[in-house]
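J.: Coordinates for the following, if possible.
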Amino acid sequence: MTTSSLTKYAYPSNLNVANFVSLKLTSTNFLLWETQVISLIESQDLIGFITGTISAPVAEIQNSTEDGMMPNPDLAAWTRTDRLIKAWITATISEEALGTVVGLTTSLDVWKALSNTYSQDSQAREFELLLKLQEKKKDMVPLNDFIRNFKLTCDQLNAIGKPVPDQKKVFWLLNGLGSRYESFSTTMLKPPVPSYLDLIPLLHSHELRNKSFLTDQPNPAMAFVGQRFNSNKGPQSSFNSRGKGFHQSGSRPPYTPRNAQQQSHSKNQTQSGSNTASQAGPLPVCQICKKRGHHALKCWHRFDNSYQDDHVPQALAALHLNSPTAGEWVPDTGATAHITDDPGTLSKLTPYAGSDSVMVGNGSELSITYTGHARIFSPGSSLSLNNVLVVPDIKKNLLSVSQLTSDYPCYFIFDDRGFVIKDLRTHKVLASGSKEDGLYVLQRAPVRVFFSNRFRVVDSTILAWTARTSST
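T.: Presented below is the predicted three-dimensional model:
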């Protein structure tokens with residue numbers, strides 16, 4: 001082997017491969033491993049050995065001093081360098097991958113075998129992970145677990161050399177959250193869209209707010225509450241949901257032989273009690289008189305107009321006959337969204353997690369706490385308001401003219417007496433309003449409350465019950 005042959009093909013035998021290639025080739029990381037190995041070989045100007053551009057020289061050449069052929073010294077130098085490159089490659093693959101290249105002699109053959117075996121697997125793996133990422137749904141999985149699994153799939157794609165762009169990660173993560181996070185997702189996708197790293201703490205903050213609202217939200221007030229049965233007192237209050245009203249205790253019904261009914265009931269109970277007591281469980285408690293052993297349908301006080309529990313006055317004291325109604329809605333041509341200060345008037349209420357605020361005429365910015373949907377009932381029709389903002393510091397409920405005309409095919413007509421909202425196609429009046437103290441106010445349908453046709457004097461206060469129900 002001549003000196004010129006040795007210099008023709010470099011032989012960096014003292015190079016430590018582990019400093020350049022940190023991965024062992026497996027079935028899932030071919031692209032990353034390939035990147036590191038190619039970088040190493042290129043740094044030594046030997047890439048032609050695995051691409052085929054530096055092929056093996058001929059085995060024999062013409063002898064210049066004598067007639068005939070002689071071994072080519074370049075072949076030995078080429079083979080020496082080629083074996084070194086082959087050693088680099090085989091030293092950085094797993095035992096499983098090593099079985100793929102057993103018996104192959106050149107670095108080019110080894111490289112082709114590994115590429116053919118693992119590059120296709122990497123593509124299939126890439127498609128599998130991308131599909132998994134796009135179809136990943138939170139459902140009932142805890143948020144932390146959902147985010148952790150989502151990141152794991154992104155890391156697996158990154159490991160095979162196919163990192164997910166930041167915008168796609170944001171979109172696919174929000175898409176997987178589901179309808180419960182719809183308002184949050186819609187807000188986050190408005191320009192400028194946050195980065196994935198910024199999105200995660202915002203999502204955690206939104207989840208904490210949701211949990212705090214679920215645990216801290218008080219129960220709605222109820223007009224009638226269940227009262228504990230007390231065996232030491234007389235009959236207690238009851239309310240008949242079939243329009244029969246309240247009943248007053250203290251006098252016996254003129255048409256009912258109470259003792260006879262009690263004896264009959266006691267007799268029947270005695271005959272069957274010994275056989276069925278252990279199977280039937282506790283005796284039923286009547287919802288009217290609160291006595292055990294019968295239901296309300298069989299109670300002797302069922303049709304007694306004068307029967308009433310001792311605790312009914314206290315129960316009625318908590319009942320507001322004139323429940324406060326929501327404030328009037330004022331049309332506003334300058335408002336870009338419907339605004340209210342009362343979240344109790346909205347349905348599909350969702351905590352607002354965005355950073356936007358409402359700017360009023362004096363330049364102040366008011367915070368938004370919730371979003372939801374509202375329905376305004378006016379004489380003869382109703383209007384559905386979408387994406388209503390809850391702003392606690394707002395003074396009036398604002399009906400955005402621009403948003404309403406965008407949501408509905410409708411138009412407004414204003415004059416000195418009031419205004420009307422009409423359907424753009426049929427010209428039917430959808431709602432109307434009046435002008436009060438120079439301000440246009442939407443008319444609302446009167447609230448009608450239906451009570452029993454009974455009345456009772458309690459503590460010198462007459463509780464009038466409007467006779468609007470009929471017997472069913």
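
J.: Identify the residues contacting the nearest residue to Ile368 once chain neighbours are set aside.
T.: Excluding its sequence neighbours, the residue lying closest to Ile368 (C-beta to C-beta, 6 or more residues apart in numbering) is Tyr352, at 4.6 Å. (Each C-beta comes from the backbone N, C-alpha and C, glycine too.) When contacts are counted by C-beta atoms under 8 Å, 6 or more residues apart in numbering, Tyr352 touches Ser183, Thr187, Ile368, Thr369, Tyr370, Thr371, Leu389, Val390.

J.: Let's have those residues in JSON lines, adding distance to Thr153, neighbour count and secondary structure.
T.: Output for the contacts of Tyr352, formatted as JSON lines (distance: C-beta to C-beta, whole Å; neighbours: other C-beta atoms under 10 Å; DSSP: H, G, I helix; E, B strand; the rest coil):
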{"residue": "Ser183", "distance to Thr153": "26", "neighbour count": "21", "secondary structure": "helix"}
{"residue": "Thr187", "distance to Thr153": "25", "neighbour count": "18", "secondary structure": "helix"}
{"residue": "Ile368", "distance to Thr153": "34", "neighbour count": "21", "secondary structure": "coil"}
{"residue": "Thr369", "distance to Thr153": "35", "neighbour count": "17", "secondary structure": "coil"}
{"residue": "Tyr370", "distance to Thr153": "33", "neighbour count": "18", "secondary structure": "strand"}
{"residue": "Thr371", "distance to Thr153": "31", "neighbour count": "25", "secondary structure": "strand"}
{"residue": "Leu389", "distance to Thr153": "36", "neighbour count": "25", "secondary structure": "strand"}
{"residue": "Val390", "distance to Thr153": "37", "neighbour count": "23", "secondary structure": "strand"}
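
J.: tell me which of these is nearest to Lys435?
T.: Taking C-beta to C-beta as the measure, Lys435 lies nearest Leu389 of the contacts of Tyr352, at 25.5 Å.

J.: how's the chain carved up into domains?
T.: Residue ranges for the domains of the chain, per the TED database: 17-60+71-122, 136-212, 326-442.

J.: got those domains as JSON lines, with mean pLDDT and distance to Glu128 columns?
T.: Formatted as JSON lines, the domains of the chain follow (pLDDT from 0 to 100; distance: least, C-beta to C-beta, whole Å):
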{"stretch": "domain 17-60+71-122", "mean pLDDT": "91", "distance to Glu128": "10"}
{"stretch": "domain 136-212", "mean pLDDT": "89", "distance to Glu128": "9"}
{"stretch": "domain 326-442", "mean pLDDT": "84", "distance to Glu128": "33"}
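
J.: For Arg292, which of the ones you listed is the nearest?
T.: Closest to Arg292 of those is domain 326-442 (C-beta to C-beta; 39.6 Å).

J.: what's in contact with stretch 392-412?
T.: Under the criterion C-beta under 8 Å, 6+ apart, residues 326-333, 335-342, 358, 360, 366-367, 369, 376, 383-387, 419-425, 430, 442 lie in contact with stretch 392-412.

J.: ok, now which ones touch Leu189?
T.: Counted by C-beta under 8 Å, 6+ apart, Leu189 has contacts Phe171, Leu174.

J.: Quick check: the gap between it and Gly176.
T.: 14 Å (C-beta to C-beta, to the nearest Å).

J.: do Glu96 as well
T.: Glu96 is 34 Å from Gly176, by C-beta to C-beta.

J.: So for the two, which residue has more residues nearby?
T.: Gly176 (21 against 11; other C-beta atoms under 10 Å).

J.: wait, is the more buried one part of a helix?
T.: Yes. Inclusion of Gly176 in a helix is indicated when DSSP: H, G, I helix; E, B strand; the rest coil is applied.

J.: pretty sure it is touching Lys138, no?
T.: Yes. Counting by C-beta atoms under 8 Å, Gly176 touches Lys138, with 5.7 Å between them.

J.: what do those two both touch?
T.: Shared between the contact lists of Gly176 and Lys138 (criterion: C-beta under 8 Å, 6+ apart) are residues Phe146.

J.: Report the buried residues of stretch 349-361.
T.: By neighbour count with 16 or more other C-beta atoms under 10 Å, stretch 349-361 contains the buried residues Leu349, Thr350, Pro351, Tyr352, Ala353, Val358.

J.: Just the ones in strands from the contacts of stretch 392-412, please.
T.: Within those, residues falling in strands by DSSP state E are 329-332, 339-340, 358, 366-367, 376, 383-387, 419-423, 430, 442.

J.: measure Val21 to Ile413 for me?
T.: From Val21 to Ile413 the distance is 78 Å (C-beta to C-beta).

J.: neighbour count winner among these two?
T.: Using other C-beta under 10 Å, the more surrounded residue of Val21 and Ile413 is Val21, with 19 against 11.

J.: Please list all residues in contact with the more buried one.
T.: Counting by C-beta under 8 Å, 6+ apart, Val21 touches Trp33, Gln36, Val37, Leu40, Trp88, Thr92.

J.: same question, Trp329
T.: Per C-beta under 8 Å, 6+ apart, neighbours of Trp329: Ile376, Asn397, Leu398, Leu399, Val441, Leu442, Arg444.

J.: what's the answer for Ser13, then?
T.: Leu84.

J.: my read is it is in a helix, agree?
T.: No. Using three-state DSSP, the secondary structure at Ser13 is coil, not a helix.

J.: Ends of stretch 68-78, what's the gap?
T.: The first residue of stretch 68-78 is 23 Å away from its last residue (C-alpha to C-alpha, to the nearest Å).

J.: and it, how far out from the chain's middle?
T.: Offset of stretch 68-78 from its chain centre (C-alpha atoms, centre = their mean, to the nearest Å): 72 Å.

J.: And for stretch 65-72?
T.: 82 Å.

J.: quick one: contacts of that stretch?
T.: Against stretch 65-72 from outside (C-beta under 8 Å, 6+ apart): Pro57, Val58, Ala59, Glu60, Ile61, Gln62, Asn63.

J.: could you redo the last one with a cut-off of 10 Å?
T.: For stretch 65-72, the external contacting residues (C-beta atoms under 10 Å, 6 or more residues apart in numbering) are Met1, Ser5, Ala56, Pro57, Val58, Ala59, Glu60, Ile61, Gln62, Asn63, Ser64, Trp78.

J.: Show me these that map onto strands.
T.: Reading strands off the contacts of stretch 65-72 with DSSP E, I get Glu60, Ile61, Gln62.

J.: Now for the nearest residue to the second one once chain neighbours are set aside, how many residues are close by?
T.: Counting by C-beta to C-beta, 6+ apart, Ile61 lies nearest to Asn72, which is 4.7 Å off, once chain neighbours are set aside. The burial count assigned to Asn72 is 17, neighbours taken as other C-beta under 10 Å.

J.: Now do the same contact list for Ser195.
T.: Residues near Ser195 by C-beta under 10 Å, 6+ apart: Asp166, Gln167, Lys169, Val170.

J.: and the lengthiest helix in the chain, what other elements does it pack with?
T.: Longest helix in the chain, counting residues (DSSP state H): helix 107-135. For helix 107-135, the elements it packs on are helix 30-43, helix 48-51, helix 73-90, helix 95-98, helix 143-159, helix 166-177, judged by 3 or more C-beta pairs under 10 Å, 6 or more residues apart in numbering; DSSP states H and E.
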